[in-house]
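Q: mind folding the following:
(4 chains)
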Protein chains: 2
Amino acid sequence: MDRSGPTGLVPEVGLDRTSPVPLYFQVASRMQQLIESGVLPVGGRLENEVELAERLGVSRPTIRRAVQYLVERGVLVRKRGVGTQIVHPKVRRPVELSSLYDDLAKSGQKPRTQVRTLEVRHAPDHVAEALGLDENAQVTWMERLRFADGEPLAIMQNAVPVDVLPLRCEDLEGRGLYELLRAAGYAPRMATQVVGARVATAAEASVLEDVRGAPLLTMTRTAWDASGRGVEYGSHIYRASRYAFELTLST
Amino acid sequence: MDRSGPTGLVPEVGLDRTSPVPLYFQVASRMQQLIESGVLPVGGRLENEVELAERLGVSRPTIRRAVQYLVERGVLVRKRGVGTQIVHPKVRRPVELSSLYDDLAKSGQKPRTQVRTLEVRHAPDHVAEALGLDENAQVTWMERLRFADGEPLAIMQNAVPVDVLPLRCEDLEGRGLYELLRAAGYAPRMATQVVGARVATAAEASVLEDVRGAPLLTMTRTAWDASGRGVEYGSHIYRASRYAFELTLST
DNA sequence: GTCAACACTTTGTCCTGACATAAACGACGG
DNA sequence: CCGTCGTTTATGTCAGGACAAAGTGTTGAC
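A: All right, here's what the predicted structure looks like:
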């Protein structure tokens, strides 16, 4: 390891002690900015924590907490006795669970949603079990057809416990389900998915404007919020010719 | 919220101050044991941190760090002014990235691997780019056929930079690639995957002992270790009739 | 009776200080 | 020339204290 000193010096940034934003977070945000803007070079080493603390005028625990935050997000790596390094930007933990609607919107395609069914009903057994609900619990059940750039892309069946969120047709047509959940304070924090493949039946093909025997991606998902409450169950099929899952896994 | 006090009391456990295992980790492990064994009930509230610290004979920062550790793993939730609660066991962050071999072994099926190709070669452009290697970097390139319970399941093409790990046929036949990477100190910590579907060509069908037009799951993956170094690239196809991806996502 | 203000509990933030320990370096001796 | 043993340097762990802020419940005024 090169002992020629740190390759990147964190400038004395202005910290605002009157701000409600915690100091450690101000430090972390500033560091991340400096890294993303290239002032602190990828692969470079940071100063040691004691110096950093002195120069920024905060205590070492505060610096440690800021660094820790960035380590958890995959921006920095620490090695005892060696120092703290900036890792390659490719390896960053995603900040939130993505949903199809978000993905499409982000990639520049114009998502459109057609709500085919929207009703309150008793949760089917497998849904109740997946979400951890009572047998006779009520869920909002919906079936939607999702278009991207005008072409049908997916058939989506979803269930959301009624007491989590009242859902209306017009909401679902303009925004994604995850966006609505987040707005209601039930942001999905964890989800298990099963992704498989099969060929389309005649009925599915007709809805998706594809041919019978066309390859389909299937996905069933259960999502929980931060407190462990089941907030969404979904069973989707996608036209494989027009969609593939892109996902980031991390430990 | 119920103010009747905590529903679960952490017993005074024996902490070993001579042990090299950090105190906060001893506390966290003990707590997790108590939660998993049901002594501390799911949904219950913990004592407040100050009491806990006093009773266990450690400082509050140590308790906080232990709790923090479990919060990050999804075992506990904290709410300022309220307390710390135990969340449902279903919502736990997975501890490590899984690979097909591990998954099969864990689910009781007997994985077997037939190595069809194993050679050192220049990295193809798309592989070099995905792993962040120089253009003329060398990789170990392998093509393997994976069986579960005697039936062919997947065709797997993988590349690993040569300086990461020397790979031998006999290693690959007895163990999974990820296990070998972990043993060599390059444990994958983050990966991006693209999962799609298509139908089998005649050649693929013959290798997989399936029929032409059978649905296939396709997956391409790039994996990085903790320091951001690209350690594995893979392009796999699976028989959809015998396999589906099961994955856990978390923020 | 209703609603606002206050008190209390609990986690969140931040500080100072100290010692432990892993990794890398360099000097020394074989 | 090479390995060994300390030295240096950096992060890791832990203590104890102080105050801030968010939720909850209670009290009191109207």
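
Q: how about the nearest residue to the closest residue to DNA strand C within the stretch 101-250 of chain A, chain neighbours excluded?
A: Closest to DNA strand C within the stretch 101-250 of chain A is A:A226: 11.7 Å, counting by Cβ to the nearest atom of the strand. From N, CA and C alone the C-beta is placed, and that goes for glycine too. In space, and not counting its chain neighbours, A:A226 is closest to A:R189: 4.6 Å by Cβ to Cβ, 6 or more residues apart in numbering or on different chains.

Q: A:V162 now?
A: That would be A:Q138: by Cβ to Cβ, 6+ apart, it lies 4.4 Å from A:V162.

Q: show me what the one you found is bridged to.
A: For A:Q138, the beta-bridge partners are A:H122 (DSSP bridges).

Q: same deal with the one 10 residues further on?
A: Counting by DSSP bridges, A:A148 is bridged to A:P111, A:E151.

Q: how far away is it from A:A244?
A: 13 Å (Cβ to Cβ, to the nearest Å).

Q: these two - which one has more neighbours?
A: Neighbours were counted for A:A148 and for A:A244 using other Cβ atoms under 10 Å in any protein chain shown; A:A148 has more, 21 against 18.

Q: does that one really touch A:L104, like I thought?
A: Yes: with contact defined as Cβ atoms under 8 Å, A:A148 reaches A:L104; the gap is 5.3 Å.

Q: shared neighbours, those two?
A: A:110-111 (Cβ atoms under 8 Å, 6 or more residues apart in numbering or on different chains).

Q: burial count for A:H88?
A: 16.

Q: and for the residue nearest to it when sequence neighbours are not counted, the neighbour number?
A: Once flanking residues are discounted, A:H88 sits nearest to B:G228: 3.7 Å by Cβ to Cβ, 6+ apart. Residues lying near B:G228 (other Cβ under 10 Å) number 23.

Q: in terms of pLDDT, where does B:G228 sit?
A: We note a pLDDT of 81 for B:G228 in this prediction.

Q: is it in contact with A:V75, as I believe?
A: No: counting by Cβ under 8 Å, B:G228 does not reach A:V75; the two are 9.4 Å apart.

Q: what do the two both touch?
A: When Cβ under 8 Å, 6+ apart defines a contact, the residues bordering B:G228 and A:V75 alike are A:V87.

Q: okay, and the nearest residue to A:L167 once chain neighbours are set aside sits in which element?
A: Distances taken as Cβ to Cβ, 6+ apart place A:T140 nearest to A:L167, at 4.9 Å, with adjacent residues excluded. Per DSSP states H and E: A:T140 is located in strand A:138-148.

Q: from the chain's centroid, how far away is that strand?
A: Distance of strand A:138-148 from the chain centroid (Cα atoms, centre = their mean, to the nearest Å) equals 20 Å.

Q: buried sites along it?
A: A:139-142, A:144-148 (16 or more other Cβ atoms under 10 Å in any protein chain shown).

Q: phi, psi for the residue in the stretch 151-251 of chain A positioned nearest to DNA strand D please.
A: Per Cβ to the nearest atom of the strand, the residue of the stretch 151-251 of chain A with the smallest distance to DNA strand D is A:G185, at 10.5 Å. Note on A:G185: its backbone torsions stand at phi 90, psi 10 [degrees, to the nearest 10].

Q: and for A:A203?
A: Here is the backbone geometry of A:A203 (degrees, to the nearest 10): phi -60, psi -50.

Q: which ones are touching it?
A: The contact partners of A:A203, by Cβ under 8 Å, 6+ apart, come to none.

Q: again, 10 Å this time
A: A:A203 sits next to A:R212 when contact means Cβ atoms under 10 Å, 6 or more residues apart in numbering or on different chains.

Q: residue numbers of the stretch 1-150 of chain A in contact with DNA strand C?
A: Contacts of the stretch 1-150 of chain A with DNA strand C, taken as Cβ under 7 Å from any atom of the strand, map to A:1-3, A:22-25, A:57-62, A:65, A:79-82.

Q: ok, 6 Å please
A: Residues of the stretch 1-150 of chain A lying close to DNA strand C (Cβ under 6 Å from any atom of the strand) are A:1, A:3, A:22-24, A:58-62, A:79-82.

Q: can you tell me which of those residues are in helices?
A: A:23-24, A:60-62 (DSSP state H).

Q: highest neighbour count among those?
A: Compared across these, A:T62 has the highest neighbour count, 22 neighbours, by other Cβ under 10 Å.

Q: which residues does that one contact?
A: Going by Cβ under 10 Å, 6+ apart, A:T62 touches A:15, A:22-28, A:49, A:52-53, A:56.

Q: now A:D163
A: Per Cβ under 10 Å, 6+ apart, neighbours of A:D163: A:137-139, A:229.

Q: does it belong to a helix, a strand or coil?
A: Look at A:D163: counting by DSSP: H, G, I helix; E, B strand; the rest coil, its state is coil.

Q: report pLDDT for it.
A: With respect to pLDDT, A:D163 scores 81.

Q: roughly how far does it sit from chain B?
A: A:D163 sits at a distance of 17 Å from chain B (criterion: Cβ to the nearest Cβ, to the nearest Å).

Q: per-domain residue ranges of chain A.
A: Listed by automatic domain parsing, the domain ranges of chain A are A:1-92, A:100-239.

Q: burial check on the residue of the stretch 101-250 of chain A closest to DNA strand C, number of neighbours?
A: A:A226 has 18 neighbouring residues, counting by other Cβ under 10 Å.

Q: dump the residue contacts of it.
A: Applying Cβ under 10 Å, 6+ apart to A:A226 gives the contacts A:185-190, B:71, B:74, B:77, B:79, B:87, B:91, B:251.

Q: those in helices, which ones?
A: Reading helices off the contacts of A:A226 with DSSP H, I get B:V71.

Q: break down chain A into its helices, ranges please.
A: According to DSSP H, chain A carries its helices in the segments A:23-36, A:49-56, A:60-72, A:100-106, A:125-131, A:169-174, A:177-183, A:202-208.

Q: need the contact partners of the fifth one.
A: By Cβ under 10 Å, 6+ apart, the surrounding residues in contact with helix A:125-131 are A:122-124, A:133-137, A:139, A:141, A:157-161, A:164, A:192, A:220-224, A:229-235, B:90.

Q: returning to what we had before: PyMOL command for the buried members of the contacts of A:T62?
A: A single PyMOL command selects the buried members of the contacts of A:T62 (16+ other Cβ under 10 Å):
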select buried, chain A and resi 23+24+26+27+28+49+52+53+56
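
Q: in CSV, list the contacts of A:T62 along with distance to B:E173 and pLDDT.
A: Converted to CSV, the contacts of A:T62 look like this (distance: Cβ to Cβ, whole Å; pLDDT from 0 to 100):
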residue, distance to B:E173, pLDDT
A:L15, 57, 82
A:P22, 52, 94
A:L23, 54, 94
A:Y24, 49, 95
A:F25, 50, 95
A:Q26, 53, 94
A:V27, 50, 94
A:A28, 46, 94
A:E49, 46, 93
A:L52, 49, 91
A:A53, 52, 92
A:L56, 54, 92
